[in-house]
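J.: Fold the following for me, if possible:
(chains A and B)
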Amino acid sequence: MSDVVEIRDLNITFRTDAAEIPAVRGVDLALRDREILAIVGESGSGKTVTAKSILRLLPDTADTAGAVVLRGQDVLTLSRPKLRAARGSDAAMVFQEPSTALNPVFPVGWQIAEGLRAHGRISRRAARERAVEILRTVGIPDPETRVKHYPHQFSGGQKQRIVIAMALVLGPSVILADEPTTALDVTVQAEILDLLRRVRDDFGTAIVLITHNMGVVADLADRVAVMYKGEIVEEAPVAELFAAPRHDYTKKLLAAVPRMGAHLAARREPAASAAPAVQARGLVVQYPGRFGRPGFTAVDGVDFEIAPGEVLGLVGESGSGKTTIGRAIAGLTRVTGGSLAVLGTEMNGVVEKRFTPLRKDIGFVFQDPATSFNPLLTITDAIAEPMVVHGVVDRPDRARSHVEELLAAVQLPAEYADRFPHELSGGQRQRASLARALALEPTLVIADEPTSALDVSVQARVLELFAELQQRFGFAALFVSHDLAVIDEVSDRIAVMHRGRIVEQGTGDRVLRDPQHPYTRQLLASLPVPDPAEQAERRERLRAESAR
Amino acid sequence: MTATTVPATTRTERRWHRLPVIRQLRLSAGLQRVMLVIGLVLVGVFVLAAVLAPLVAPYGFNQLRDDAGGFPRQAPPSAEHVWGTTVGGYDVLSRVIWGSQTALSVVVLSIVLSMFLGVLLGLVSGYLGGWLDRVLVVIADAVYAFPTLLLAIVVAIVVSGGQSNYWGGILAGSVAITVVFVPQYFRVIRAETVRLKAEAFVESARVIGASTWRIMLRHVLRNATRTLPLILTLNASEAILTLAGLGFLGFGIGPTVGSEWGYDLNRALADTASGIWWTGVFPGAAIVLLVLGVTLVGESLNDLSDPRLRLRKRTRRPRSTEKAGA
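T.: Below is the predicted model of the structure:
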């Protein structure tokens, strides 16, 4: 078995304003023929930079040393014409976000043919035929007509199939897939992973899979390289890595992966007598349409309740309306129909003036901690802001001791109080965001995908913290996430959303162990399990079920 | 105690590094640094000339005679009049030096006026939206549609009322330029505000229950004004040109109340045919150099503020030693 790619002592440094930052340090890696190698690691561990060096796709500020041998030639020293010849035909790339990887102003057939034309003379007709053929291979229905369509006429999963088709059409020996499923919903992810496996089996293409999702690794990879701070700390066949991780970092990484059935706190039965914190009856939220067009109904007649002190997990795919519900409860989005009572106030037709005093009882944790803090305010200013606004204190520095208490509660050292948001890491910022949400001891907290922008190990700590704070302060919470395993860890009850409706809700154990609705079942089946053996079994079962 | 004093000293030591232009100068490298330094030197020379005009200029801007008698007219450069004299008998060197004072005061005044007005309107219009926003945008577009110089002439006449004194002329020039520039600031700030309005941190302030004014002033304003210094420097060069254009057309400051390069250029127009070069070249060069200096500073600040355009110092290690070591 020969090596398609061999990386020897690769060092990559980035020149920045402050100093030179080593991104990759002394990496040795080999990719064998017909092999799927997964490179896993946290953001900033150098996994993407390593993979991109195979195509020499690095910015000008990067200095490289070492050797990257792709099919017998060192990519780092190749002349530009030779490099251009190698790109696409020897190694091709599949990007993370399919909607940005495709040019919106050209039909997809043209974009596939562009690669063909760049590597040799081919007639327009032949190129069209090859494009149709490859689209059929990646599973686009009716390729003869679809080949003329533009990217926006395809769904996200189909777009990723087209990007894979573009990579495949030149018959490369290696495909670099940089987080190919991260931007996709879990049911679509399962299909794309299936396609990548078929690409390897049918075309004999080796695949470098960059991902942070251990479930994806378990599902697809043959061999795994774990990167940490620019170095490869462990390299092993996939079964061996999951069964017996050797390096401490790998052990930590695997332990942090959220698993189904690992609930962080005992689920509580809601007290039936108390008045619910949130009660929705036939809730409808409609976004206004463009001129002369009907609006878009994001939430379509939804009923649910959140009892005091209870955590309701709201799970669904992107566009299912789960975030809209959170925003409607916080008064950020107008309720257009039905009834939504928040802490006893009807939100349908509420005026901001009447709702403002209630806001101190509601905390909100945003998805992306990088944007939810004003970059020009210190952490103290930001956390004290709710207190200043509601007249508890008149200046942020008067709230200093309370801010430090809150920081202690979210396990941040007190000296972080004087720092600016950009001086904190993503996980620290999200903990500060929790502190801000809890500043006025609210009775209701809305957490909108609070961990989806974080690395797995950081996510685990934030989830633990959330569960712990919830126990301590006893607030009711709406926890929105697309990840069933995350929802399972923190919620008492789970509601599954699909296309603006709640298709199923009940206690966590009931929904996850005994799903009634077909969509819930599909969602559960698509979720890759971070265990290669179990995942292979599940895959077979899913295939058998869909064949029926 | 000692632990707290040590970081305090390093912070004061670094504080002057954080001053606007000095921070960028330290960041710059290569060609961008050369551009920035040339621009800063050019602007610095004119600023010095403007501040020290009473000391540096050999004569007053409207002086026609000294103890030795009246100045000759259209005299070529000589020991008494280093850059010669104009058709009106003024000393060219003195008028160029005094002219920098006029130019810089008009630029500063017009920029301050248009910035305050433009930022306030842009913030209110962008954040509140609705009918106010629409009306303001239409007015800004209407102002845009006018030829800028024509608009400036009209405003200059209205403000000065046809009379010519120094501060009146400066104010007229500044207001005329302000009217032209307000829509630019308005649009930039409005666009930034509309973008920031959808940012999570503004929404988080809304969730907290902060009032509209508080959100606008505390959360949006300072974040929206980040690009302002760059437009400001680029607009400054346009302001100089507009002022010179006004003066050239005779709507600026008269020769007896102040010195203005555009006016001098206008008077030098007839001289060119008769081979008298010194009356036109020096004020003309002054306009070109000041505009060039300000533009260079603006352009390089613009590039430096964008991490993707910023050049970085290269400390290249030889590859061969790396390989030999491995």
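J.: need the contact list for the closest residue to chain A within the stretch 201-326 of chain B.
T.: Closest approach between the stretch 201-326 of chain B and chain A, counting by Cβ to the nearest Cβ: B:G209, at 3.5 Å. All C-beta atoms are positioned from the backbone trio N, CA, C, and that covers glycine. Residues near B:G209 by Cβ atoms under 8 Å, 6 or more residues apart in numbering or on different chains: A:T356, A:P357, A:R359, A:K360, A:P386, A:V389, A:H390.
J.: which among those are in contact with chain B?
T.: A:T356, A:P357, A:R359, A:K360, A:P386, A:V389, A:H390 (Cβ under 8 Å from any Cβ of the partner chain).
J.: can you tell me which of the residues you listed lies nearest to chain B?
T.: Using Cβ to the nearest Cβ, the ones next to chain B among the contacts of B:G209 come closest to chain B at A:R359, 3.5 Å.
J.: Surely the closest one is in contact with B:I208?
T.: Yes - the pair A:R359 / B:I208 is scored as a contact, 6.3 Å apart, by Cβ atoms under 8 Å.
J.: overlap in contacts of these two?
T.: A:H390.
J.: the more surrounded of those two?
T.: Each of A:R359 and B:I208 has its neighbours counted (other Cβ atoms under 10 Å in any protein chain shown); B:I208 has more, 26 against 22.
J.: The residue lying closest to the more buried one once chain neighbours are set aside: helix or strand, and which one exactly?
T.: Of all residues not flanking B:I208 in the chain, A:P386 sits nearest, at 4.5 Å (Cβ to Cβ, 6 or more residues apart in numbering or on different chains). Per DSSP states H and E: A:P386 is located in helix A:379-389.
J.: ok, and what's touching that helix?
T.: When contacts are defined by Cβ under 8 Å, 6+ apart, helix A:379-389 is touched by residues A:360, A:373-374, A:377, A:393-397, A:399-400, A:402-403, A:406-407, A:416-421, A:424, A:432, A:435-436, A:439-440, B:205, B:208-211, B:214.
J.: Contacts only, for the residue lying closest to B:E260 once chain neighbours are set aside.
T.: Counting by Cβ to Cβ, 6+ apart, B:E260 lies nearest to B:G247, which is 4.2 Å off, once chain neighbours are set aside. Applying Cβ under 8 Å, 6+ apart, we find B:G247 in contact with B:I253, B:E260, B:W261, B:G262, B:Y263, B:D264, B:L265, B:N266.
J.: what is the rounded mean pLDDT of the host helix or strand of B:G247?
T.: Using DSSP H and E, B:G247 sits in helix B:228-248. Mean per-residue pLDDT for helix B:228-248: 83.
J.: Stretch B:197-214 now?
T.: Per-residue scores along stretch B:197-214 average to 86.
J.: Show the end-to-end separation of that stretch, please.
T.: 13 Å (Cα to Cα, to the nearest Å).
J.: can you give me the helices for the stretch 151-300 of chain A?
T.: Counting by DSSP state H, counting those that start in this stretch, one finds helices in the stretch 151-300 of chain A at the ranges A:156-168, A:186-203, A:214-220, A:238-243, A:248-256.
J.: Check which residues of the fourth one are buried.
T.: Right, the one you point to is helix A:238-243. Within helix A:238-243, the residues scored as buried using 16 or more other Cβ atoms under 10 Å in any protein chain shown are A:V238, A:L241, A:F242.
J.: check contacts around the first one.
T.: The neighbourhood of A:V238, defined by Cβ under 8 Å, 6+ apart, consists of A:A38, A:V217, A:A218, A:A221, A:D222, A:R223, A:V224, A:P532.
J.: Return the closest of these with respect to B:L243.
T.: A:A38 (64.8 Å; Cβ to Cβ).
J.: measure the closest residue in space to that closest one that isn't next to it in sequence to A:T211 for me?
T.: Leaving aside its chain neighbours, A:A38 sits nearest to A:A221 (3.6 Å; criterion: Cβ to Cβ, 6+ apart). The spacing between A:A221 and A:T211, counted by Cβ to Cβ, to the nearest Å, is 9 Å.
J.: now do A:S155
T.: A:S155 is 21 Å from A:T211, by Cβ to Cβ.
J.: Looking at those two, which one has more neighbours?
T.: A direct count of neighbours by other Cβ under 10 Å for A:S155 and A:T211 places A:T211 higher, at 22 against 12.
J.: about what we covered before: return a PyMOL selection command for the buried portion of the contacts of B:G209.
T.: The PyMOL selection below is limited to those of the contacts of B:G209 classed as buried (16+ other Cβ under 10 Å):
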select buried, chain A and resi 356+359+360+386+389+390
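J.: pLDDT averaged over stretch A:231-242, what's the number?
T.: Stretch A:231-242 comes out with an average pLDDT of 91.
J.: now it: how far from the chain's centre is it?
T.: For stretch A:231-242, the distance from its own C-alpha centre to the chain's C-alpha centre is 23 Å (Cα atoms, centre = their mean, to the nearest Å).
J.: cool, stretch A:490-507 as well?
T.: Chain-centre distance of stretch A:490-507: 20 Å, with Cα atoms, centre = their mean.
J.: how long is that stretch end to end?
T.: Stretch A:490-507: ends 12 Å apart by Cα to Cα.
J.: Now name the helix or strand holding B:L304.
T.: In this structure, B:L304 sits in helix B:278-305 according to DSSP H and E.
J.: CSV for the helices of the stretch 151-300 of chain A, including distance to A:Q428?
T.: Below are the helices of the stretch 151-300 of chain A laid out as CSV (distance: least, Cβ to Cβ, whole Å):
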stretch, distance to A:Q428
helix A:156-168, 31
helix A:186-203, 28
helix A:214-220, 23
helix A:238-243, 29
helix A:248-256, 16
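J.: From A:P530, how far off is the closest residue to A:L463 other than its chain neighbours?
T.: Once flanking residues are discounted, A:L463 sits nearest to A:E489: 5.5 Å by Cβ to Cβ, 6+ apart. Between A:E489 and A:P530 the computed distance is 14 Å (Cβ to Cβ).
J.: Can you name the residues that contact residue 102?
T.: Just going to use chain A. A:V108, A:Q111, A:P151, A:K159, A:I162, A:V163 are the contacts of A:L102 under Cβ under 8 Å, 6+ apart.
J.: Can you look at chain B instead?
T.: B:I170, B:L243, B:I253, B:G258, B:S259, B:E260, B:W261.
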